[in-house]
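S.K.: starting from these lines, generate the structure:
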Amino acid sequence: MTGGRSTTRLAILALAGLLALPVLALAQEDAPRTDWGAPDLQGIWDFRTITPMERPEDLGDKAFLTEEEAAERERNAVERDIELWEAEARRTEAGGSVGGYNNFWMDRGTRVIGTRRTSLIIDPPNGRLPEMTEAGRARRADGRGSFSDRIQESYTDFSNADRCLMGFNAGPPITPGGYNQNVQIFQTPDHVVLMTEMVHTVRAVPLDGRPALDGSLAQWSGDSRGHWEGDTLVVRTGNFDVDRNWRGASAGMQLEERFTRVDADTLEYEYTVTDPETWVAPWTVNLPMVRSDLPLFEYACHEGNYAMETMLTGARTEAAAAAAEAAAK
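M.R.: Numbering: from 1, shown residues only. Reported below is the predicted structural model:
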């Protein structure tokens, strides 16, 4: 194994997999294949889940929920949605929190991932992100865009999600969050293409062994190369543009994703992030996706309207006030 998978993680997976691995092996025998014999990853995959990225601290070393606990969380998620749908409208107040979309637009999901883990992070063993470096914390704070408490002076001060360049859950790596939580996969013998519903980001991954791009050619979604390890597609990505500022990651971040078709309705997705300039250790997420029969929907964002102009009004107002004050002296 590569990508910083630690021996600690292997030990945990061995314990957790005493029951799961035989089921996985049996399920893979029935997983569909393409006409050229490769595992068939094609289709639309839903990655909504109420399982949090990080394990809540009060759960300590509890890695899995019981069936009853998982059912209760899923029931609470449904009840919360109903409560929010039926809530009375509330007006926002100038100078206060403007809130967000109403619940009609949200699509967080209502399911705990099938393995009933208490977090999507499976390594480190505590289910939480490793400590960030000082440089990583600074990058993360600088990239909050419209979610920060400062007035942005230029469109370049906003995040790529604010500017509709990249979706906040589209990745890579793919991470649940908010809405538009689907990815469509296409295959040929030499390529795999991933198109996320969020902002319709398209990533074409060559499988033909071609070399990676020169390190100076940074890209929003990085530069990906894939290969098969048995029935698992392994995709390694580097050359990320640091200005995408994903979780404060540096330009040197290395990503390894693993896609395994478990059965007709399940795609096992796992990724490992290695970035010593940002986190003191690599970390790994496991996110099973579920096949969807629905098509991808449009995500128009705010391109072509006046959202960015409005978002910059505060800075223009401050500049005008300062100019008026200077002229009055």
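
S.K.: from here on, just use CA atoms for contacts and neighbour counts.
M.R.: Fine.

S.K.: residues in contact with stretch 56-63?
M.R.: Stretch 56-63 has contacts (CA atoms under 8 Å, 6 or more residues apart in numbering) with 117-119, 125-127.

S.K.: typed the wrong thing, it's stretch 124-137
M.R.: Residues contacting stretch 124-137 (CA under 8 Å, 6+ apart): 8-9, 12, 53-55, 60-61, 63, 118-121, 248-250, 277-284.

S.K.: just how off-centre is that stretch within its chain?
M.R.: 17 Å (CA atoms, centre = their mean, to the nearest Å).

S.K.: buried residues in that stretch?
M.R.: Within stretch 124-137, the residues that count as buried by 16 or more other CA atoms under 10 Å are 124-129, 132, 136-137.

S.K.: measure that stretch end to end?
M.R.: Counting by CA to CA, to the nearest Å, you get 19 Å between the two ends of stretch 124-137.

S.K.: pLDDT of it, averaged?
M.R.: For stretch 124-137, the mean per-residue pLDDT is 97.

S.K.: Q42 against Q187, yeah?
M.R.: Yes: between Q42 and Q187 there is a contact under CA atoms under 8 Å: 6.4 Å.

S.K.: quick one: the strands in the stretch 101-250 of the chain?
M.R.: Counting by DSSP state E, counting those that start in this stretch, residue ranges of the strands within the stretch 101-250 of the chain are 121-123, 182-187, 191-196, 202-206, 223-229, 232-238.

S.K.: among the ones you listed, show me which one is buried the most.
M.R.: Mean neighbour count (mean count of other CA atoms under 10 Å) peaks for strand 121-123 among the strands of the stretch 101-250 of the chain, with a mean of 26.

S.K.: list the helices and strands that one packs on?
M.R.: Contacts defined by 3 or more CA pairs under 8 Å, 6 or more residues apart in numbering; DSSP states H and E place strand 121-123 against strand 283-292.

S.K.: contacting residues around the strand it packs on?
M.R.: 4-5, 43-48, 53, 113-114, 120-124, 129-130, 264-274.

S.K.: next helix or strand past it?
M.R.: Next helix or strand after strand 283-292 toward the C-terminus (DSSP states H and E): helix 307-311.

S.K.: list the buried residues in that next one.
M.R.: 308, 311.

S.K.: also stretch 309-318?
M.R.: Per 16+ other CA under 10 Å, stretch 309-318 contains these buried residues: 311-312, 316.

S.K.: how about stretch 277-294?
M.R.: In stretch 277-294, counting by 16+ other CA under 10 Å, buried: 277-279, 281-292.

S.K.: redo the strands of the stretch 101-250 of the chain as JSON lines? Include distance to A71.
M.R.: Listed next are the strands of the stretch 101-250 of the chain as JSON lines, based on distance: least, CA to CA, whole Å:
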{"stretch": "strand 121-123", "distance to A71": "21"}
{"stretch": "strand 182-187", "distance to A71": "23"}
{"stretch": "strand 191-196", "distance to A71": "29"}
{"stretch": "strand 202-206", "distance to A71": "35"}
{"stretch": "strand 223-229", "distance to A71": "35"}
{"stretch": "strand 232-238", "distance to A71": "31"}
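
S.K.: which one of those strands lies closest to F104?
M.R.: strand 182-187 (17.5 Å; CA to CA).

S.K.: any weak-confidence spans in the stretch 1-150 of the chain?
M.R.: Applying pLDDT under 70 to the stretch 1-150 of the chain flags residues 1-29, 93-100.

S.K.: which parts of the stretch 1-150 of the chain are helices?
M.R.: Under the criterion DSSP state H, counting those that start in this stretch, helices of the stretch 1-150 of the chain are mapped to 7-28, 67-86, 134-142.

S.K.: wait, Q187 touches A38, no?
M.R.: No: with contact defined as CA under 8 Å, Q187 does not count as touching A38 (9.5 Å).

S.K.: phi, psi of L41?
M.R.: Dihedral pair for L41: phi -100, psi 0, per degrees, to the nearest 10.

S.K.: nearest residue to it in space, please, no chain neighbours.
M.R.: R261 (6.1 Å; CA to CA, 6 or more residues apart in numbering).

S.K.: how about the helix or strand hosting the one you found as PDB, C-alpha atoms only?
M.R.: In this structure, R261 sits in strand 254-263 according to DSSP H and E. Output of strand 254-263 as PDB, limited to C-alpha atoms (Å, rounded to 0.1, in the frame of the first residue of the first chain):
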ATOM      1  CA  GLN A 254      -0.600  14.500  -3.000                       C
ATOM      2  CA  LEU A 255      -3.900  12.600  -3.300                       C
ATOM      3  CA  GLU A 256      -4.500   8.900  -3.800                       C
ATOM      4  CA  GLU A 257      -8.100   7.800  -4.500                       C
ATOM      5  CA  ARG A 258      -9.300   4.200  -4.700                       C
ATOM      6  CA  PHE A 259     -12.500   3.100  -6.400                       C
ATOM      7  CA  THR A 260     -13.900  -0.400  -6.000                       C
ATOM      8  CA  ARG A 261     -17.200  -1.600  -7.400                       C
ATOM      9  CA  VAL A 262     -18.500  -3.700  -4.500                       C
ATOM     10  CA  ASP A 263     -21.800  -4.800  -6.100                       C
END
